[in-house]
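**Student:** Got a predicted model here, sequence first, then my questions.
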Amino acid sequence: MSDIYRSAASLLVLRPVTASGIVAYQILLLHKPRKKDAWQLPQGGVESGESVEQAALRELQEEAGIGNATIVGRTEHVYQYDFPPSFRKFRPDNVCGQRIEHLFAVVGKDAPVRVDGKEIDAFAWVDRSQLRLYIKRKAYLDLVGRLYREALQNLERHS
């Protein structure tokens with residue numbers, strides 16, 4: 001059996017904030033209870049029969065309790081990576097890594113967030129300038145920054 005990549009969906013969720021009459025957007029980050037790379041965007045695997053969009057919205061509902069997000073676009077960039085050998089030896093299948101597709105969504109400024117305290121134990125709405133306080137791995141920080149810029153361009157084109 002040949003190795004395969006697990007299909008996954010990630011959602012950059014934005015909420016509008018207004019300061020001095022100017023609308024800006026904050027990014028939703030979720031915290032997983034682990035030591036490294038704990039802060040991330042809502043994400044998870046695409047289940048059988050689901051589209052990437054359906055998976056992204058389901059994961060957002062499961063991880064953050066948000067059920068009223070509006071998908072406003074997606075990036076062509078796909079983030080694919082291999083699982084480390086230490087992780088693979090515990091997998092009983094031929095999944096060698098993940099292939100994550102990224103979408104953009106907007107929620108209302110007062111959208112409530114509810115985390116389960118187990119899989120996700122905290123959340124933060126952050127300005128673009130605050131990302132480095134949460135995300136330590138440079139490659140992921142660069143990715144989220146790029147997604148944010150692309151999401152804003154997408155919003156400008158459709159407004």
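**Tutor:** On my side now, so go ahead.
**Student:** Quick check, central residue of the chain?
**Tutor:** Closest residue to the average C-alpha location of the chain: residue 41 at 2.8 Å, with Cα atoms, centre = their mean.
**Student:** Do you know the pLDDT at that residue?
**Tutor:** Per-residue confidence (pLDDT) for residue 41: 97.
**Student:** leaving aside the residues next to it on the chain, what's closest to it?
**Tutor:** Once flanking residues are discounted, residue 41 sits nearest to residue 10: 5.0 Å by Cβ to Cβ, 6 or more residues apart in numbering. C-betas here are computed from N, CA, C, even on glycine.
**Student:** partner residues bridging that neighbour?
**Tutor:** The partner list for residue 10 in beta bridges (DSSP bridges) reads residue 43, residue 102.
**Student:** Count the residues that sit near it.
**Tutor:** By other Cβ atoms under 10 Å, 23 other residues sit near residue 10.
**Student:** Let me know the distance separating it from residue 30.
**Tutor:** From residue 10 over to residue 30 the distance is 11 Å, taken as Cβ to Cβ, to the nearest Å.
**Student:** for residue 18, same thing?
**Tutor:** As judged by Cβ to Cβ, residue 18 and residue 30 stand 24 Å apart.
**Student:** Settle it for me: which of those two has more neighbours?
**Tutor:** Neighbour count, other Cβ under 10 Å: between residue 18 and residue 30, residue 30 has more, with 23 against 9.
**Student:** pLDDT-wise, which helix or strand of the protein ranks last?
**Tutor:** When the helices and strands of the chain are scored by mean pLDDT, DSSP states H and E, helix 85-88 comes last with a mean of 81.
**Student:** What is it packed up against?
**Tutor:** For helix 85-88, there is no helix or strand it packs on, judged by 3 or more Cβ pairs under 8 Å, 6 or more residues apart in numbering; DSSP states H and E.
**Student:** Put the alpha carbons of that helix into PDB.
**Tutor:** What follows is helix 85-88, C-alpha atoms only, in PDB (Å, rounded to 0.1, in the frame of the first residue of the first chain):
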ATOM      1  CA  PRO A  85       9.000   9.200  11.700                       C
ATOM      2  CA  SER A  86       8.400   9.200  15.500                       C
ATOM      3  CA  PHE A  87       4.700  10.100  14.900                       C
ATOM      4  CA  ARG A  88       4.300   7.700  11.900                       C
END
